Structures are given as structure tokens and as C-alpha cells.
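In: here you go, sequence then predicted model.
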Amino acid sequence: MKTPTHRIQRMSRHDLGLALHWAAREGWNPGLHDTEMFHAIDPRGHFMAWVGERPVASISALRYGVGYGFIGLYIVEPASRGQGLGLAVWHAALEHLKGCVVALDGVVEQQHNYMRSGFDLAWRNRRYSGHGLGPRPAHPAIVRLTGLPFDDLAAYDLAFHPEPRPAFLQTWIRQRRGTALGWLQDGRLRGYGVRRACVQGHKIGPLCADSPAIAEGLLRALCAGVASQEAVHLDVPEPNREAVALMERHGFVAGFPTARMVRGPAPAIDLARQYALTALEIG
């Protein structure tokens, strides 16, 4: 089928909100307040294809620092699939990330296509879903991240992301209807996690910890802020066997799989201490 006449434009915040609506319809369950936070990571890195006055495809290509980029929100409207419009926004994304190592979290049905574009498998993820715990006392080591020196959090986060992301973290830990907790031991940050309200229930991400016991304590504290009938989801890197065991021990059910794929030298990420990813849309 011939690709229809189209144009590609950078997304406004309003356009990005539409793309996140599409993501919700696809079952990806984005956060209720993701639009502003995602747009601010790289305001020039969100692209949408239009046919006439109709938006038909979206993609985000986010530059972190000078050498790393992440692709997400790659969606084509169902009625416009198979016409080359997805490929058009894909090329716009790669052009924006030229010169970067590029990563993405790919759904199963697209992984072969990503391999054809030079992406290699780094590891596999699995979404796990459970429920809140309702109100309960927190462990004495649990603290609000917003009450800690921000530089401590930014330094700790460097083990879990290829480039520093201080501006993003500042907004992520202060988002509306969100909770950001740390584990403070002997005056040092030993783990942290963030919970955000989503279209369906809540997501926890990232969840990072120096030991399985700390990860479990943070998970319990984050779930304690959610009613027992409400859903809680985490995107877990499968190579972290302790993370998988933690999910199973707490009755979380394995859901849809994705794969972290990278074009270029794979960045060093401390998966042994990463129990949940930040968000599949932004890495």
C-alpha cells in the first residue's frame, strides 16, 4: 500500500497527551500526570505524523545527555497501520538521536523489526501486578525522598541510568498523586522507589535497592499507601532473580513481556540492584 501524503511535526504537550491516550487504549497504562514530565525530558524529541488534520502516529525519542537516547510511545492509529506511517516517525526519531546509543523496551510483536534496525537484546522484562496493602506502619528506615539532600538521590541513581537525569528526578519524586520513598541507613541512601497514579491503579518505578530486604521494605511501604482493592504494577527486569522472587513471594502475577533492546554498546546498568524500571515509555 502506498504511504499517504503526510507531515511529521514535533508534538506539543497537547499532542503528547493524545499519544498517551493512545498508549492507554493499547493497554500500556500510562501515569495520570505523565504528559508534563515526559515532555520536559526532551521537548524536541516527541514526533507525530499527520495526514491532513488527522494525527496518525506517534513516537518519542528522548536525548539524555549527549550520548544516550530512548525510544518510546511508538504507536500507529489502528486504521492507519500498514501504510508506512510508523516507519516515517521511526526515521524521524532515529535522526533526532543520531550519534547516540539508543535503547527501547519493545513489545514482543515488534522485536524482530527492531533487530532489523540494528537493535540487540539486552535483557527481558515482565510486568507484574498485585494489590495495595492498605494503611500500615512503615519501617523506621523509610523516609520521604523530598526530605533528603537531592544530590544524594542523583548520585545513587547513576547506577541505574546511563546518563545523569537530575531535572527529571526532581519532577518525578514530586509528581501529583505520587509517593517517593527512600531507605536511609547509617546516614546513607541504600534504596529508593516511586509510586505514581495510573489510568488503572498505580505503578512503582523505579525500585532500586542495595539488598533484597531493602527492596522488600520499600515495596511494602509503597504498597501501604494504596487501598487493598487497587492494583499495583511493576516492570521487572527478569535477570534480577531476586526481583522476580520478591514479586512471586508477595503474590504479584506475571503479565505481558517486553525486552530492553539497544543499538550500540550496551550501557552498564546495575540490574542486580534494580527491582523495577522507571517507565517503559522513557527508560
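Out: Sure thing, it's come through.

In: which residues does residue 126 bridge with?
Out: residue 236, residue 257 (DSSP bridges).

In: which residue ranges form the strands in the stretch 101-250 of the chain?
Out: 101-107, 120-131, 142-144, 178-185, 188-197, 202-209, 231-237 (DSSP state E, counting those that start in this stretch).

In: could you dump these into JSON lines with mean neighbour count, mean pLDDT and distance to residue 281 added?
Out: In this view, the C-beta of every residue, glycine as well, is placed from N, C-alpha and C. Shown next, in JSON lines, are the strands of the stretch 101-250 of the chain (neighbours: other CB atoms under 10 Å; pLDDT from 0 to 100; distance: least, CB to CB, whole Å):
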{"stretch": "strand 101-107", "mean neighbour count": "22", "mean pLDDT": "96", "distance to residue 281": "8"}
{"stretch": "strand 120-131", "mean neighbour count": "18", "mean pLDDT": "97", "distance to residue 281": "13"}
{"stretch": "strand 142-144", "mean neighbour count": "16", "mean pLDDT": "97", "distance to residue 281": "25"}
{"stretch": "strand 178-185", "mean neighbour count": "22", "mean pLDDT": "97", "distance to residue 281": "16"}
{"stretch": "strand 188-197", "mean neighbour count": "22", "mean pLDDT": "98", "distance to residue 281": "12"}
{"stretch": "strand 202-209", "mean neighbour count": "26", "mean pLDDT": "98", "distance to residue 281": "11"}
{"stretch": "strand 231-237", "mean neighbour count": "22", "mean pLDDT": "98", "distance to residue 281": "10"}
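
In: can you add distance to residue 113 and give the ones you listed back as TSV?
Out: Output for those, formatted as TSV (distance: least, CB to CB, whole Å):
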stretch	distance to residue 113
strand 101-107	8
strand 120-131	13
strand 142-144	43
strand 178-185	34
strand 188-197	30
strand 202-209	26
strand 231-237	21
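
In: so which of those comes closest to residue 247?
Out: Nearest of the strands of the stretch 101-250 of the chain to residue 247, taken as CB to CB: strand 120-131 at 4.2 Å.

In: now that closest one and strand 101-107, what's the angle there?
Out: With axes from the mean of the first three to the mean of the last three CA atoms, to 10 degrees applied, the angle from strand 120-131 to strand 101-107 works out at 50 degrees.
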